[in-house]
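Peer 1: take this sequence and fold it.
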Amino acid sequence: MTILAPAPTRTPPASLTPEELLSLPDAVGFELVDGKLVERHMGMESSAIAGNIYLSLGNFVKEHRLGHTFPADASYHCFPDGPIDVRKPDVSFIRIGRLPGERIPKGHCPIPPDLAVEVVSPNDSAYELEEKIEQYLSVNIPLIWVVYPPSRIVRIFRPGASPLGDSFALKAGDTITGEGVIPGFSCPVAAFFE
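Peer 2: Below you'll find the predicted structure:
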């Protein structure tokens, strides 16, 4: 009987550039923060909820030709205060007219989305989540949804200058809207959790 030696494990470099992240074969589940790989903690439940949101938004956006909706592997390299950071919201939206020539970039997107959605997983730390929201707000993403599966709550964040206020929460019995970012979109919050 022949015993095969285990495959050698590849240790990632101590620091990566955004371009190097694109070339990693298993980089889909990682973001880049200060040049370091940070694993995204997507569980089955949070992934299903992100899928519900993506389908709901995506269908509406496509039907009304409002722009582009992206799933969890879309990456954004657009943070002046974090020039080597790459973030991957669980769902994101860019309205029509913002991408040069309406062409979707082949690598990381160099502009921030108009909507970023984060679905909280059991292994997400409060500190990391808060840091990510602050980074989104620092580039003036107009609308951020943070979805909490156990409590079935969606927290809405906006830049501080928003006339609608900077944050509030919706419960499962409420209706969420796209506000001025995705005009006409509305959905029961409970539908995200079905």
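Peer 1: distance of the residue most central in space within the chain from residue 47?
Peer 2: The centroid of the chain falls nearest to residue 89 when counting by CA atoms, centre = their mean (0.9 Å). In this view, residue 89 and residue 47 are 13 Å apart by CB to CB, to the nearest Å. C-beta coordinates here come from the backbone N, C-alpha and C atoms, glycine included.
Peer 1: sorry, back to before: verify the stated contact: the residue nearest to the centre of the chain with residue 74.
Peer 2: Yes - assessed by CB atoms under 8 Å, residue 89 is found in contact with residue 74 at 7.4 Å.
Peer 1: the helix or strand harbouring residue 156 pairs with which strands, and in what direction?
Peer 2: Assigned by DSSP states H and E, residue 156 belongs to strand 153-157. Using DSSP bridges, the strands paired with strand 153-157 in its sheet are strand 143-148 (antiparallel), strand 167-170 (antiparallel).
Peer 1: what would those look like in TSV with mean neighbour count, distance to residue 103 and mean pLDDT?
Peer 2: What follows is these, written out as TSV (neighbours: other CB atoms under 10 Å; distance: least, CB to CB, whole Å; pLDDT from 0 to 100):
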stretch	mean neighbour count	distance to residue 103	mean pLDDT
strand 143-148	22	23	96
strand 167-170	14	33	90
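Peer 1: TSV for these, including distance to residue 51?
Peer 2: Converted to TSV, the strands paired with strand 153-157 look like this (distance: least, CB to CB, whole Å):
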stretch	distance to residue 51
strand 143-148	12
strand 167-170	19
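Peer 1: what's the closest of those strands to residue 117?
Peer 2: Of all these, it is strand 143-148 that lies closest to residue 117, at 4.6 Å by CB to CB.
Peer 1: could you check the pLDDT of residue 162?
Peer 2: pLDDT, residue 162: 58.
Peer 1: next: the one 4 residues further on.
Peer 2: Residue 166 carries a pLDDT score of 77 in this model.
Peer 1: closest one to residue 114 among the strands paired with strand 153-157?
Peer 2: Using CB to CB, these put strand 143-148 closest to residue 114, at 6.8 Å.
Peer 1: hey, C-alpha coordinates of that closest one in PDB?
Peer 2: Taking C-alpha atoms only, strand 143-148 is exported to PDB below (Å, rounded to 0.1, in the frame of the first residue of the first chain):
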ATOM      1  CA  LEU A 143     -27.100  53.700   2.000                       C
ATOM      2  CA  ILE A 144     -25.900  50.800   4.100                       C
ATOM      3  CA  TRP A 145     -28.000  47.900   5.300                       C
ATOM      4  CA  VAL A 146     -26.700  45.700   8.100                       C
ATOM      5  CA  VAL A 147     -28.900  42.600   8.500                       C
ATOM      6  CA  TYR A 148     -29.000  40.700  11.900                       C
END
